[in-house]
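Trainee: Take this sequence and fold it.
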Amino acid sequence: MFGKQFVRRRDCLRAGAVSLLGLDLPNWLQLRQLSNARANESAASRPRAKACIFLFMWGGPAHQDTWDMKPNAPKEYRGDFQQIDTNVPGLQICEHLPLLSQRADQLAVIRSMTHDDVDHTQATHYPLTGKPTPRRGAPLAEDWPSIGAVVSRLGRGRGPLPPFVSMMPVVPKGAPRFVEESHGQGAGWLGPVYDPMRIDADGSLPTYKVGDFDLHTDVPESRSNKRRELLGSIDQQLRHLETDVRIEASRSHYDRAFSLLSSRGAVEAFDLSREPAAVRERYGMNVHGQSVLQARRLVEAGVPFVTVFWPNDGITNVSVYWDTHNRNFIDLKTRLCPVTDQAFSALLDDLRDRGMLDETLIVWTGEMGRTPRVGQGVVGGAGAGADGRDHWPSCFTSVLAGGGIKGGVVYGSSDRFAAYPATNPTAPQDLAATIYHCLGVDHELKIKDSLGRPMTICEGTPLHGILA
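Mentor: Predicted coordinates for the structure are as follows:
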């Protein structure tokens, strides 16, 4: 007996295999019990998503100029844009999101997201992990693991492809890449073995290539195999360094690299040139559009979690990413809304046409919103010009679609100035709990930190009002 649960020999063998993934027997039994409970649930209530594409709009989109229009507010609050009807009666969004307006029946719009951190690089930790940053100024290694890292830790995915991929394209001549310093994007204290594979190439360029997955013509397969054997021999000699997480991560990465080299199907998942030109154009022949398409290809090939960071396009040094301290309405109209409208809507259509939408969760969010009044500065922000909005974490919007999500719904609301939640205030940990639920992960599951302490992966509550 173990507790009050009989453990059969076969189950112990399975638990031993699972321990290789970093789960001990009690954790495995917790997962097993959860699995048995879910087997008795009705099919309609079971988690549906096999994968998640997390579209991260770094910089903080102006929620009142996109998803949460305030047409009856004074001009200095409502801004320059007009609202348009969607294909869901009573739901209106920005005029510069016309394609998404006709797909609103697939979307769940959360208009009451809220937290209290005005710092970009700190605030990213909230939506990416569901936790506040451990301490201001802490190194990234002390971060709470991102949702993708937890999914990786739990052994999700199949084949040689990495379980967690981060699309973070480098754009030549772009402004400073603050997103690289942002918290919550990696494995944090779980260790580098669970960090995402990062793709920094620009998919819109004809030279786009993710790594060097081809065996060179002057290196026959037999020689490559000998190289792998040599690495294995060196690995044996380094066993006494087992406690060094960098050694463990390197071993894992080498193993996966050799597996990729031997799997043509896995390599092809990174090859955008295999997509018909019409499909690539539907997503948009720009950095973000092609990153989203790459995410779809990876999910289709078996990667369970892909984060797509909005790139710094380098178009202007006045406003970068969605951080519209100046030129808020110019940039939203010309370089932000049209690109996200095209890529997001293409992703919805493409997943639906491939029969993948019901099993792929899509999350669209930034780390915060923008100030209610145009030109308003806030304490801790970076100020705002006469045509800009400053940082504002007290209220913003997140949008979900796909696996396990009910479409055509609005959850929560903001006040008349889009300044604070009026109903159903939603913390980032609730968003994280919802993502975990859709992926079939118990958000109350405990994993051990570097000191062996059991840590609950998420302390939020799933938003049942948007679950299918």
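Trainee: switch to C-alpha atoms for all contacts and neighbour counts from now on
Mentor: Noted.
Trainee: low pLDDT regions in this structure?
Mentor: Across the chain, the ranges flagged by pLDDT under 70 are 1-47, 172-176, 212-264, 313-319.
Trainee: Would you mind giving the domain segments of it?
Mentor: Listed domain ranges for the chain are 1-39, 48-211+270-466 (source: automatic domain parsing).
Trainee: okay if I get those as CSV plus mean neighbour count?
Mentor: Shown next, in CSV, are the domains of the chain (neighbours: other Cα atoms under 10 Å):
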stretch, mean neighbour count
domain 1-39, 13
domain 48-211+270-466, 21
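Trainee: ok, residues contacting stretch 455-466?
Mentor: 108, 130-131, 150, 405-407, 409, 411, 427-435, 437, 443-449 (Cα atoms under 8 Å, 6 or more residues apart in numbering).
Trainee: now, which of the residues you listed lie within helices?
Mentor: If you go by DSSP state H, those have V150, P428, Q429, D430, L431, A432, A433, T434, I435, H437 in helices.
Trainee: Distance to F329 for the residues you listed - can I get that in JSON lines?
Mentor: Formatted as JSON lines, the ones in helices among the contacts of stretch 455-466 follow (distance: Cα to Cα, whole Å):
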{"residue": "V150", "distance to F329": "38"}
{"residue": "P428", "distance to F329": "27"}
{"residue": "Q429", "distance to F329": "31"}
{"residue": "D430", "distance to F329": "31"}
{"residue": "L431", "distance to F329": "28"}
{"residue": "A432", "distance to F329": "30"}
{"residue": "A433", "distance to F329": "33"}
{"residue": "T434", "distance to F329": "32"}
{"residue": "I435", "distance to F329": "31"}
{"residue": "H437", "distance to F329": "36"}
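Trainee: With respect to S291, which of those residues is nearest?
Mentor: I435 (21.1 Å; Cα to Cα).
Trainee: so I53, which of the three states?
Mentor: With DSSP: H, G, I helix; E, B strand; the rest coil as the basis, I53 sits in strand.
Trainee: thinking it is in contact with V303, fair?
Mentor: No: assessed by Cα atoms under 8 Å, I53 is found out of contact with V303, at 9.8 Å.
Trainee: Just list the residues touching S345, thanks.
Mentor: Neighbours of S345 in contact, by Cα under 8 Å, 6+ apart: L99, L100, R103.
Trainee: Endpoint to endpoint, stretch 142-162 covers what distance?
Mentor: 23 Å (Cα to Cα, to the nearest Å).
Trainee: gap between that stretch and the chain center?
Mentor: Remark: stretch 142-162 is offset 12 Å from the chain centroid, using Cα atoms, centre = their mean, to the nearest Å.
Trainee: Can you pull out the residues in contact with that stretch?
Mentor: Contacts of stretch 142-162 (Cα under 8 Å, 6+ apart): 21-23, 125, 128-131, 133-134, 163-164, 183-190, 194-197, 256, 259-260, 263, 266, 301-307, 432, 436, 457.
Trainee: Repeat the analysis, applying 6 Å as the threshold.
Mentor: Residues from elsewhere that reach stretch 142-162, judged by Cα atoms under 6 Å, 6 or more residues apart in numbering: 128-129, 163-164, 184-189, 194, 256, 259-260, 302-305.
Trainee: What of stretch 282-297?
Mentor: Outside stretch 282-297, the residues that reach it (Cα under 6 Å, 6+ apart) are D202, G203, S204, A269, Q342, A343, A346.
Trainee: if you set the cut-off to 8 Å instead, what comes out?
Mentor: Taking Cα under 8 Å, 6+ apart as the rule, stretch 282-297 contacts 53, 55, 167, 169, 202-204, 269-270, 272, 280, 306-308, 310-311, 313, 339-340, 342-344, 346-347, 351.
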